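> from the sequence below, what's the structure:
(one chain, ligands or ions: 1)
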Amino acid sequence: MTFQDFNFNEQLFEGVESMGFTTPTPIQAMAIPTIMEGRDLIACAQTGTGKTGAYLLPVLNAISQGNKHHTYALVLAPTRELAQQIDQQIEGLAYFTGISSIAVFGGGDGIVYEQQRRGIQNNVNIIVATPGRLIAHLTSGVLKLNHLTHLVLDEADRMLDMGFSDDIMRIISYLPKERQTLLFSATMPGRIRSLAKAILKEPEQINIAISQPAVGIDQQVYRVHDQQKTPLVQHILKDAVFTSIIIFASRKEIVKALYKELKAIKIKAMAFHSDLEQKEREEILLQFKNKLLPVIIGTDALSRGIDVEGIDLVINYDVPGDPEDYIHRIGRTARAATTGTAITFVNHRDERKLKNIEKLIEKPIKLMTLPDELAAIQPLKPEQPQSGGSGDKKRKPNRRWGKKKPRQQNTGNQG
Ligand code: AMP
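This is a model prediction of the structure:
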């Protein structure tokens with residue numbers, strides 16, 4: 001299948017070509033025809049599958065046929081980073097169509113609010129918004145959505161996790177009942193199904209290999225104690241095999257501490273967390289995107305909000321508590337059918353979390369052997385939780401953590 005098969009409007013097709021999309025991804029191949037038929041859709045697809053294009057392209061195609069005088073589509077997203085990235089993707093795909101869009105999100109100063117207000121008043125064709133700020137514009141009376149034809153909920157599970165359920169229902173109360181609604185979610189818990197039932201009409205359902213990491217990711221695990229973690233980062237980065245790297249940690253305190261440690265050993269990295277001003281965060285992301293910054297350190301919030309091509313390595317400085325966060329984290333690499341490496345550091349407290357991940361991905365992750373000089377590093381106080389630790393204090397260390405082990409069998413089959 002090619003993009004020509006969809007018979008998009010010529011200007012939109014030009015945008016697709018200029019973005020370098022040649023073949024539709026599986027979610028695009030499945031979702032685009034359904035959406036073009038006008039059906040509501042509930043799609044289970046993770047980031048990295050091309051899901052944004054899957055809903056944007058048919059929506060842009062529909063809008064490109066009309067007079068472009070009003071706001072026709074609303075995309076709701078959980079975070080401002082995601083909202084901005086969706087908006088950027090619209091800009092790229094819609095470049096030749098004359099369709100306008102704006103990202104509307106909270107935070108920022110009065111100038112940002114004013115810019116959003118002006119965009120809205122100028123009847124921008126597509127609004128990509130986080131729920132809270134959108135409600136502010138709706139209740140102020142500036143934003144009228146009576147001409148809306150398409151509503152998209154992107155990362156719906158994340159929006160519910162973040163407590164946006166009431167806001168979403170409130171926003172929907174402002175929309176025309178006759179509309180096409182598309183719901184995209186990485187997971188399909190019962191709450192998402194209930195939400196879908198409430199807001200979609202006889203939806204078509206699509207599942208794209210839920211919760212499975214992209215095949216192009218070489219997943220590896222190192223068993224370590226906490227004193228080995230930073231030296232191991234240094235060891236992995238020393239040969240400059242990897243050029244664009246994200247390091248994930250579970251809490252922003254760990255992100256900040258790791259940033260200091262990496263700075264001390266002259267690794268060019270920046271920490272990305274919620275204590276930074278929005279401008280600072282944008283600047284860091286921009287540098288990272290433009291490959292001026294090789295390493296970015298962040299929490300799981302970053303795993304949902306970053307869409308950067310060419311990330312070749314993800315390091316999990318600790319194991320995420322939710323196995324699906326693991327999928328999100330490592331999904332930052334090997335985007336759209338490329339390859340990448342995901343390395344996870346597992347200390348004894350995180351062992352159970354690793355087991356849960358392996359259960360979810362239905363295979364063991366390749367266990368790597370620590371180099372001798374790192375295996376020799378002694379733990380400070382092996383029995384006590386240390387920085388980054390969350391948790392399982394009752395568990396006795398029943399393995400030789402951090403000691404060099406005989407190579408265990410590699411059943412991972414991830415090449
Ligand atoms: P998403 O899953 O929507 O976050 O998209 C992941 C990445 O894949 C983004 O950088 C898109 O620009 C890119 N992408 C989406 N569709 C295609 C395609 N058909 N061909 C190549 N890259 C794509």
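> would residue 133 count as being in a strand?
No. Applying DSSP: H, G, I helix; E, B strand; the rest coil, one finds residue 133 to be helix, outside a strand.
> list the contacts of the nearest residue to it once chain neighbours are set aside.
Sequence neighbours aside, residue 106 is the residue nearest to residue 133 in space, at 4.2 Å (criterion: C-beta to C-beta, 6 or more residues apart in numbering). All C-beta atoms are positioned from the backbone trio N, CA, C, and that covers glycine. Neighbour list for residue 106: 80, 130, 132-133, 136 [criterion: C-beta atoms under 8 Å, 6 or more residues apart in numbering].
> wait, a strand at residue 106?
No. Secondary structure of residue 106, determined by three-state DSSP: coil, with no strand assignment.
> quick one on the thing from earlier: which one of the contacts of residue 106 sits closest to residue 204?
Set against residue 204, the nearest of those by C-beta to C-beta is residue 130 (26.7 Å).
> what residues are up against the closest one?
By C-beta under 8 Å, 6+ apart, the neighbours of residue 130 are 76-80, 83, 104-106.
> on that earlier part again, and the contacts of residue 106, which of them are buried?
80, 130, 133 (16 or more other C-beta atoms under 10 Å).
> any idea which of these the model trusts least?
Among these, residue 80 carries the lowest pLDDT, at 89.
> right, and that one touches residue 104 too?
No. Assessed by C-beta atoms under 8 Å, residue 80 is found out of contact with residue 104, at 9.1 Å.
> low-scoring stretches of the chain, by residue?
209-212, 304-305, 335-337, 381-415 (pLDDT under 70).
> make it 80
46-48, 108-109, 208-215, 239-240, 278, 300-309, 334-339, 381-415 (pLDDT under 80).
> what residues go with each domain of it?
3-208, 217-375 (automatic domain parsing).
> which strands or helices does the strand or helix carrying residue 270 pack on?
According to DSSP states H and E, residue 270 maps onto strand 269-272. Contacts defined by 3 or more C-beta pairs under 8 Å, 6 or more residues apart in numbering; DSSP states H and E place strand 269-272 against helix 252-264, helix 278-289, strand 295-298.
> now do 6 Å
helix 252-264, strand 295-298 (3 or more C-beta pairs under 6 Å, 6 or more residues apart in numbering; DSSP states H and E).
> from residue 113, how far out is residue 204?
38 Å (C-beta to C-beta, to the nearest Å).
> kindly report the same for residue 267.
Taking C-beta to C-beta, one finds residue 267 at 38 Å from residue 113.
> of the two, give the one with the bigger neighbour count.
Neighbour totals were compared for residue 267 and residue 113, and residue 267 leads with 20 against 16 (other C-beta atoms under 10 Å).
> mind putting the helices and strands packed on strand 269-272 in TSV, distance to residue 57 and mean neighbour count included?
Putting these into TSV (distance: least, C-beta to C-beta, whole Å; neighbours: other C-beta atoms under 10 Å) gives the following:
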stretch	distance to residue 57	mean neighbour count
helix 252-264	35	17
strand 295-298	29	26
